[in-house]
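Novice: Next come a sequence and a model predicted from it.
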There are 2 protein chains.
Amino acid sequence: MHSKNLSEISQIINDELEQFNSQFKKSIWSDTKIVNFIIRYLLKQKGKKIRPLLVILSSKICGDVSDRTYRGATLVELLHTATLVHDDVVDEAETRRGFPSINAVWKNKAAVLIGDYLLAKGLMTAVDGNDFDFLRVITNTVKRMSEGELLQSSKTRKLNNDEETYYRIISDKTASLLSTCCEVGARAVTDDDIKITAMRNFGENLGIAFQIRDDILDYIGKKSIIGKPLGGDIREKKLTLPLIYALKNSSKEKSNEVMKILKMKERKMDVDKVIDFVIQNGGIEYSENAAKEYGEKAKKELLIFPDSDIKSSLLELVDFIIERTK
Amino acid sequence: MHSKNLSEISQIINDELEQFNSQFKKSIWSDTKIVNFIIRYLLKQKGKKIRPLLVILSSKICGDVSDRTYRGATLVELLHTATLVHDDVVDEAETRRGFPSINAVWKNKAAVLIGDYLLAKGLMTAVDGNDFDFLRVITNTVKRMSEGELLQSSKTRKLNNDEETYYRIISDKTASLLSTCCEVGARAVTDDDIKITAMRNFGENLGIAFQIRDDILDYIGKKSIIGKPLGGDIREKKLTLPLIYALKNSSKEKSNEVMKILKMKERKMDVDKVIDFVIQNGGIEYSENAAKEYGEKAKKELLIFPDSDIKSSLLELVDFIIERTK
């Protein structure tokens, strides 16, 4: 069965998303012209907005949306935007969501500063609303995200990633924020620790599934759909789950051959050969099963909640994330 | 009369500075090896520690140091270190405090992430101590610092800075943090708004004097003392007070000639000629007077406090900052 797409899933909270959008846009502006000039450029790029969606659905499954829900959603989306902009510096990315990245146009200077600006604005949203519980969660998340990215980059240089470290990296760099979205959404409307913990764990498992799917798409996605060329991780010498599995489960001879390619300079690499190697050695299938497994773990966390349209949306979101093609 | 040096001024709070140092070092570590590897490298570089000094003196003039004082000092020093590391990306600096900069050794990737990590750790210090008043002040400061740097970089590209914008830039990018140090130090031990406001204004004026002196040293400092070559601002096409004044107060012909040099590529620039132009047209003297003026404004803010050794140290600190040679 084909899973619902994102706009079908989010239809149930369209009003809330609109309200979020208007608050988000209000929260982002500065008194400094040059800042707004860059912000206007940033706002043209439309993301999937999965994070605010998670905040709102998490509030709704635990109670009802409140002002705190919108502030939480604004906080996480500002933080997410900040990390995307910083990530552009980090990865020397040339395009992001199909647009030239901030740093290609404005250079690293502006990218670092606008990221810091967005992070500060996000935190100020929480400070202004006296949402100190949000600040507790979010500052730890910022720490984990930077640690995860740094760990990844050190493993990338050494080409020695294993499955255990892979999971630690994606938990810190990706799942921590999705987990925070769900926790913040819950905290916005309840102090029931059982509900808060369930939503935090839901987000964590969903986040791991999300990143595994992302890493799969780097091997089997369509350039025209995902908006960037395939094999980016290979070119960056980033060993993700599909490749880690394939390297471990092929003949010594074959995997040595692939390691040789990975050690080459980017322009000399036969990227297609590595992609074929991963597919032929079951790396995609294995990773798809892993993503499914984490998706199931996420779904199980929702068992404590009675059935509802909101719960159905969250369950559909899990399927969407595991099966998405971009 | 020669002003006291920094170690003479800070002698009066040596015990407190030692206590701060040990707390600061404890607060910085991570569970991730690669993060600590970079941190160890960072800790080898010893800064002037003016910011923790300000926090402690500000607490002492308003009451006595407390746990909150040390957390505040840790918070501002972590934030300051974060911005230095981000600044290395920003300015493509090759050395910082005489050491090769983080980004020259670890590249931009690590510099952005370690900066984010340090910022998060600083905020976590305040969150863990329930110092939500600090968070209110500090998040606004992070915002102002990024806005100030962005405004500066936009003016730099256009080579059209004027005195009014110069003051706005240095207030946001530099004075905001020194002001925050003094405000946080005061808030740590008192809720007397008159004292808090006096210390905030003291820090703001001191910060402006500090940055003017910094900009003067780029023209008249000694490379062996300041640890970087003279004329860096000229090479970066950054118009600071000495040059802004000289351009405005020389003949049209002379200033056009200098503007021509500023528009050249870095390696073609006759930097010494611009330095001479600034000196001959009174740019240094004018800026030194401006720094003195802001120093006097800072000192006046302390009139509400009775005389004491601590007050004397703060007054001496003003003189040090205006007259320092590095």
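Specialist: Thanks, I have it. Numbering: from 1, shown residues only, chains lettered A, B, ... in the order given.

Novice: so residue A:40 is in which element?
Specialist: Taking DSSP states H and E as the criterion, the element that holds residue A:40 is helix A:33-43.

Novice: Quick one: list the elements packing against that helix.
Specialist: Under the contact criterion of 3 or more C-beta pairs under 8 Å, 6 or more residues apart in numbering or on different chains; DSSP states H and E, the helices and strands touching helix A:33-43 comprise helix A:102-128, helix B:132-158. Where you see a C-beta, it was placed from the backbone N, CA and C, and this is true even at glycine.

Novice: again, 10 Å this time
Specialist: helix A:14-27, helix A:67-90, strand A:99-100, helix A:102-128, helix B:132-158 (3 or more C-beta pairs under 10 Å, 6 or more residues apart in numbering or on different chains; DSSP states H and E).

Novice: That helix versus helix A:102-128: what angle between them?
Specialist: Between helix A:33-43 and helix A:102-128, the angle formed by their directions is 100 degrees, by axes from the mean of the first three to the mean of the last three C-alpha atoms, to 10 degrees.

Novice: which is the next helix or strand following helix A:33-43?
Specialist: Under the assignment DSSP H and E, the closest C-terminal helix or strand after helix A:33-43 is helix A:50-62.

Novice: Report the mean per-residue pLDDT for that following helix.
Specialist: Along helix A:50-62, the predicted confidence averages to a pLDDT of 98.

Novice: is it anywhere near chain B?
Specialist: No: looking at helix A:50-62 against chain B by C-beta under 10 Å from any C-beta of the partner chain, there are no contacts, and the closest approach is 17.6 Å.

Novice: between that helix and helix A:14-27, how big is the angle?
Specialist: Computed by the same axes, to 10 degrees, the angle between helix A:50-62 and helix A:14-27 is 130 degrees.

Novice: Helix A:50-62 packs against which elements?
Specialist: For helix A:50-62, where contacts count as 3+ C-beta pairs under 10 Å, 6+ apart, the packed elements are helix A:6-10, helix A:14-27, helix A:67-90, helix A:176-187, helix A:193-220, helix A:309-323.

Novice: if we go to 7 Å?
Specialist: Identification of packing neighbours for helix A:50-62 by 3 or more C-beta pairs under 7 Å, 6 or more residues apart in numbering or on different chains; DSSP states H and E yields helix A:14-27, helix A:67-90, helix A:176-187, helix A:193-220, helix A:309-323.

Novice: for residue A:138, what are its contacts?
Specialist: A:75, A:79, A:126, A:180 (C-beta atoms under 7 Å, 6 or more residues apart in numbering or on different chains).

Novice: Quick one: name the residues of chain A near chain B.
Specialist: Neighbours of chain B within chain A, by C-beta under 7 Å from any C-beta of the partner chain: A:30, A:32, A:34-35, A:86, A:89-90, A:108-110, A:112-113, A:116-117, A:120-121, A:123-124, A:127, A:132, A:135-136, A:139-140, A:142-143, A:146-147, A:149-151, A:153-154.

Novice: rerun that using 6 Å as the cut-off
Specialist: Taking C-beta under 6 Å from any C-beta of the partner chain, the part of chain A that reaches chain B is made up of A:30, A:32, A:34-35, A:86, A:89-90, A:108-109, A:112-113, A:116-117, A:120, A:123-124, A:127, A:132, A:135-136, A:139, A:142-143, A:146-147, A:149-151, A:153-154.

Novice: quick one: low-confidence parts of chain A?
Specialist: Of all residues in chain A, those with pLDDT under 70 make up the ranges A:1-2, A:90-106, A:224, A:226-227.

Novice: ok, 90 please
Specialist: Of all residues in chain A, those with pLDDT under 90 make up the ranges A:1-4, A:41-48, A:87-111, A:153-161, A:221-232, A:235-237, A:265-268, A:325-326.

Novice: just checking, residue A:235 touches residue A:266?
Specialist: Yes: with contact defined as C-beta atoms under 6 Å, residue A:235 reaches residue A:266; the gap is 5.0 Å.

Novice: circling back to that earlier point, turn the helices and strands packed on helix A:33-43 into TSV, columns for distance to residue A:297.
Specialist: Compiled in TSV, these are given as follows (distance: least, C-beta to C-beta, whole Å):
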stretch	distance to residue A:297
helix A:14-27	27
helix A:67-90	22
strand A:99-100	35
helix A:102-128	29
helix B:132-158	34
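
Novice: that older thread, by neighbour count, which of the contacts of residue A:138 wins?
Specialist: The most crowded member of these is residue A:75, carrying 32 neighbours; neighbours defined as other C-beta atoms under 10 Å in any protein chain shown.

Novice: Surely residue A:113 and residue B:148 touch.
Specialist: No: counting by C-beta under 6 Å, residue B:148 is not a contact partner of residue A:113; they are 9.2 Å apart.

Novice: These two: which is more packed in?
Specialist: A count of neighbours by other C-beta under 10 Å puts residue A:113 above the other of residue A:113 and residue B:148, at 30 against 23.

Novice: rewinding a little: quick check: which of the helices and strands packed on helix A:50-62 has the most neighbours on average?
Specialist: For those, average neighbour numbers computed from mean count of other C-beta atoms under 10 Å in any protein chain shown are highest in helix A:176-187, which has a mean of 28.

Novice: so what does that one touch, helix or strand wise?
Specialist: Helices and strands in packing contact with helix A:176-187 are listed as helix A:50-62, helix A:132-158, helix A:193-220; criterion 3 or more C-beta pairs under 6 Å, 6 or more residues apart in numbering or on different chains; DSSP states H and E.

Novice: pull the CA atoms of the first one into PDB?
Specialist: What it means is helix A:50-62. What follows is helix A:50-62, C-alpha atoms only, in PDB (Å, rounded to 0.1, in the frame of the first residue of the first chain):
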ATOM      1  CA  ILE A  50       8.500  18.300   9.400                       C
ATOM      2  CA  ARG A  51       9.700  19.700  12.700                       C
ATOM      3  CA  PRO A  52       6.900  22.200  13.300                       C
ATOM      4  CA  LEU A  53       4.400  19.500  12.100                       C
ATOM      5  CA  LEU A  54       5.800  17.200  14.800                       C
ATOM      6  CA  VAL A  55       5.600  19.900  17.500                       C
ATOM      7  CA  ILE A  56       1.900  20.600  16.700                       C
ATOM      8  CA  LEU A  57       0.900  16.900  16.400                       C
ATOM      9  CA  SER A  58       2.700  16.100  19.700                       C
ATOM     10  CA  SER A  59       0.800  18.900  21.400                       C
ATOM     11  CA  LYS A  60      -2.500  17.700  20.000                       C
ATOM     12  CA  ILE A  61      -2.000  14.100  21.000                       C
ATOM     13  CA  CYS A  62      -1.200  15.200  24.600                       C
END
